[in-house]
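Undergrad: Provided below for reference: sequence and predicted model.
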Protein chains: 2
Amino acid sequence: MATETGPGPQVPLNRQRVLRAAVSVADARGIESLTMRSLAEALGVEAMSLYYHVANKEAILDGVVEVIMGEIDEAVNRADVPAAEDGWKTALRARILAARGVLLRHPWAPGVFGTRTTTSLAVVRYFDAVVGVLRAGGFSYDLIHHALHALGSRALGFTQELFEPANNDGDDDAATEMLEQLVDQVPYVVEMMGEVAHDDPDSTLGWCDDQVEFEFGLDLILDGLERLRATA
Amino acid sequence: MATETGPGPQVPLNRQRVLRAAVSVADARGIESLTMRSLAEALGVEAMSLYYHVANKEAILDGVVEVIMGEIDEAVNRADVPAAEDGWKTALRARILAARGVLLRHPWAPGVFGTRTTTSLAVVRYFDAVVGVLRAGGFSYDLIHHALHALGSRALGFTQELFEPANNDGDDDAATEMLEQLVDQVPYVVEMMGEVAHDDPDSTLGWCDDQVEFEFGLDLILDGLERLRATA
DNA sequence: ACCTGAACACCGTTCAAGT
DNA sequence: ACCTGAACACCGTTCAAGT
């Protein structure tokens, strides 16, 4: 719970504690407030001490990816169903939704994944397991290769949300009003929102159920892959 | 071509010139070197002058998105095929591939799109046109809504490339060697790469044809949507 | 109306120095 | 072995001041 407590380092710092504290800081105060100085403060240490344990901030972000991937591995191991019994689609779906559960607890993580330039071994290992599931399901490597590209980051449980952090501060009325003034600029979108909102009286401008939509897109891709596999 | 030439501002600066110069700087030297000071220098002006024309750097990045979306609109208008004649799938596919062509010229742009918190009107207008194409193709708004989520950023021609900027500096041998030492850690990936490389002797570690893979994923989704539309 | 200089708070990082 | 203080180059930004 607490990122660190007490005065200064009774026990010497190490790389693992630095990385875990970085995740905690990002969780608690957002990734943009993760600085060498704020991280050091959370650890009860001076900023310069961090450089004894990690090369620089980039290395910290690389390490943060490893920590998150470790959490994903844990979640998958807890949730995964055997591929042989229920088929590849069920197994892969469960794996991806488990990964998604982890990333929902670290909403800043997808952005960090996107900024890494060197390929993380932990990420490759994750994809290796995905390839294994598909292989056990009878896919050719050629189709598996295409499949990985089709899934993209969805294989890790996230998608690039283009409209995500809209300020949903309860002012749905103001937002609706604004949209009404845009009727001539985006007529189809306005009509769509009106109709879907009408079908589901509970839905307002925050009308998208992220989980439902993620599963819709995931199933669309998985179903398409199953069709290709069966006719290959 | 030149971002600006000559000494200082003969003609007064304005918002449009600031934004276009920002795109030029990002194209030429990368998004990370787009700073208020470097942008000002490219415009032959002091950094503080920029604040007369834009609120702050965030506003510049918002404006950059508008500029890019303008280029996409141009490209789409040049390339788009009428929806009525060739069907919605052909029209949407052409539209998305036109957008992709623009983003390939600005490889830093997807990252900027990802960082924007306020929703860009230009982006919403683009998606409005996508909704229009699907609507003309006989989709229900409910299915269109799901479709937008399934497409995600792919509707704009990009995907979150998790393994993109690998240092492809000709040292494929070294990379292959490294991978061979990982055989026990990622056996399926190694086997996959060996087999696909064997099928196509030209392909090495830079073995993925981005355009081919993008179109594969796009078609997978579009074909799945067509099936859902037809059976609805 | 449009641009600038000086200054501020904040970054990541280096390096010699402490214990 | 592990941590620190002082310093550096670089950010975005404010504000009063220039023309």
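TA: Thanks, I have the structure now. Residues are numbered from 1 along each chain as shown, chains lettered A, B, ... in the order given.

Undergrad: close to chain B, is the helix or strand containing residue A:100?
TA: Here residue A:100, judged by DSSP states H and E, is contained in helix A:83-105. No. Using CB under 8 Å from any CB of the partner chain, helix A:83-105 never reaches chain B; the gap is at least 12.4 Å. Yep, even glycine has a C-beta here, placed from its N, CA and C like the rest.

Undergrad: and the helix or strand that that helix is followed by, anywhere near chain B?
TA: Downstream of helix A:83-105, the first helix or strand assigned by DSSP H and E is helix A:109-115. Yes. Part of helix A:109-115 sits near chain B under the criterion CB under 8 Å from any CB, namely A:110, A:111, A:113, A:114, A:115.

Undergrad: most remote residue from chain A's center?
TA: residue A:184 (35.4 Å; CA atoms, centre = their mean).

Undergrad: sorry, back to before: are any of the residues of helix A:109-115 next to chain B buried, and which?
TA: A:110, A:111, A:113, A:114 (16 or more other CB atoms under 10 Å in any protein chain shown).

Undergrad: include distance to residue B:60 and pLDDT when you put the residues you listed into a markdown table, please.
TA: As requested, those are exported to a markdown table (distance: CB to CB, whole Å; pLDDT from 0 to 100):
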| residue | distance to residue B:60 | pLDDT |
| --- | --- | --- |
| A:110 | 24 | 95 |
| A:111 | 19 | 94 |
| A:113 | 25 | 95 |
| A:114 | 20 | 91 |
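
Undergrad: any chance of the residues you listed in JSON lines with distance to DNA strand D as columns?
TA: Output for those, formatted as JSON lines (distance: CB to the nearest atom of the strand, whole Å):
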{"residue": "A:110", "distance to DNA strand D": "23"}
{"residue": "A:111", "distance to DNA strand D": "18"}
{"residue": "A:113", "distance to DNA strand D": "23"}
{"residue": "A:114", "distance to DNA strand D": "19"}
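
Undergrad: which single one of those is nearest to residue A:145?
TA: residue A:113 (20.6 Å; CB to CB).

Undergrad: just to check, that closest one is in contact with residue B:114?
TA: No. With contact defined as CB atoms under 8 Å, residue A:113 does not reach residue B:114; the gap is 10.9 Å.

Undergrad: so residue A:218 makes contact with residue A:95?
TA: No. Residue A:218 is not in contact with residue A:95 according to CB under 8 Å; the separation is 11.0 Å.

Undergrad: right, and the helix or strand after the lowest-mean-pLDDT helix or strand in chain A?
TA: In chain A, no helix or strand scores lower on mean pLDDT, DSSP states H and E than helix A:172-180, which sits at a mean of 66. Downstream of helix A:172-180, the next assigned helix or strand under DSSP H and E is helix A:187-199.

Undergrad: may I see the buried residues of that following helix?
TA: Quick answer for helix A:187-199 (16+ other CB under 10 Å): A:188, A:189, A:190, A:191, A:192, A:193, A:196.

Undergrad: for the record, mean pLDDT for it?
TA: Mean per-residue pLDDT for helix A:187-199: 88.

Undergrad: after that helix, which helix or strand is next? Please name it.
TA: Following helix A:187-199 in sequence, per DSSP H and E, is helix A:210-230.

Undergrad: export that next one to CSV, keeping only CA atoms.
TA: Output of helix A:210-230 as CSV, limited to C-alpha atoms (Å, rounded to 0.1, in the frame of the first residue of the first chain):
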residue,chain,number,x,y,z
ASP,A,210,-15.3,-0.2,-22.6
GLN,A,211,-15.3,-3.9,-21.6
VAL,A,212,-18.1,-4.7,-24.0
GLU,A,213,-16.5,-2.9,-26.9
PHE,A,214,-13.1,-4.4,-26.2
GLU,A,215,-14.6,-7.9,-26.3
PHE,A,216,-16.6,-7.1,-29.4
GLY,A,217,-13.5,-6.1,-31.3
LEU,A,218,-11.5,-9.0,-29.9
ASP,A,219,-14.2,-11.5,-30.9
LEU,A,220,-14.5,-10.0,-34.3
ILE,A,221,-10.8,-10.7,-34.9
LEU,A,222,-10.8,-14.1,-33.2
ASP,A,223,-13.8,-15.2,-35.2
GLY,A,224,-12.2,-14.0,-38.4
LEU,A,225,-9.0,-15.9,-37.6
GLU,A,226,-10.9,-19.1,-36.8
ARG,A,227,-12.6,-18.9,-40.2
LEU,A,228,-9.2,-18.4,-42.0
ARG,A,229,-7.7,-21.3,-40.0
ALA,A,230,-10.5,-23.7,-40.9
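
Undergrad: what angle separates the helix or strand containing residue A:25 from helix A:83-105?
TA: Here residue A:25 sits within helix A:15-29, counting by DSSP H and E. Angle between the axes of helix A:15-29 and helix A:83-105 is 60 degrees (criterion: axes from the mean of the first three to the mean of the last three CA atoms, to 10 degrees).

Undergrad: after helix A:15-29, which helix or strand is next?
TA: helix A:36-42.

Undergrad: who's in contact with that following helix?
TA: A:3-4, A:18, A:21-22, A:24-25, A:29, A:46-50, A:57, A:60 (CB atoms under 8 Å, 6 or more residues apart in numbering or on different chains).

Undergrad: just among these, which is most surrounded?
TA: In terms of neighbours by other CB atoms under 10 Å in any protein chain shown, the contacts of helix A:36-42 top out with residue A:22 at 26 neighbours.

Undergrad: what sits against it?
TA: So residue A:22 contacts A:34, A:39, A:60, A:61, A:63, A:64, A:67 (CB under 8 Å, 6+ apart).

Undergrad: same for the host helix or strand of the third one, what does it pack against?
TA: In this case it means residue A:60. Using DSSP H and E, residue A:60 sits in helix A:57-79. On a contact count with 3 or more CB pairs under 8 Å, 6 or more residues apart in numbering or on different chains; DSSP states H and E, helix A:57-79 meets helix A:15-29, helix A:83-105, helix A:109-115, helix A:121-136.

Undergrad: got the domain ranges for chain A?
TA: According to automatic domain parsing, chain A comprises the domains A:1-54, A:69-160+A:218-231, A:165-208.

Undergrad: which of these is buried the deepest?
TA: domain A:69-160+A:218-231 (a mean of 18; mean count of other CB atoms under 10 Å in any protein chain shown).

Undergrad: touching DNA strand C at all, that one?
TA: No. Counting by CB under 7 Å from any atom of the strand, DNA strand C is not contacted by domain A:69-160+A:218-231; separation bottoms out at 12.9 Å.

Undergrad: and that domain, end to end?
TA: 34 Å (CA to CA, to the nearest Å).

Undergrad: quick one: distance of that domain to the chain centre.
TA: 12 Å (CA atoms, centre = their mean, to the nearest Å).

Undergrad: pretty sure residue A:19 is touching residue A:68, no?
TA: No. Assessed by CB under 8 Å, residue A:19 is found out of contact with residue A:68, at 9.9 Å.

Undergrad: is residue A:180 in contact with residue A:187, as I believe?
TA: No. Using CB under 8 Å, residue A:180 is not in contact with residue A:187, being 11.4 Å away.
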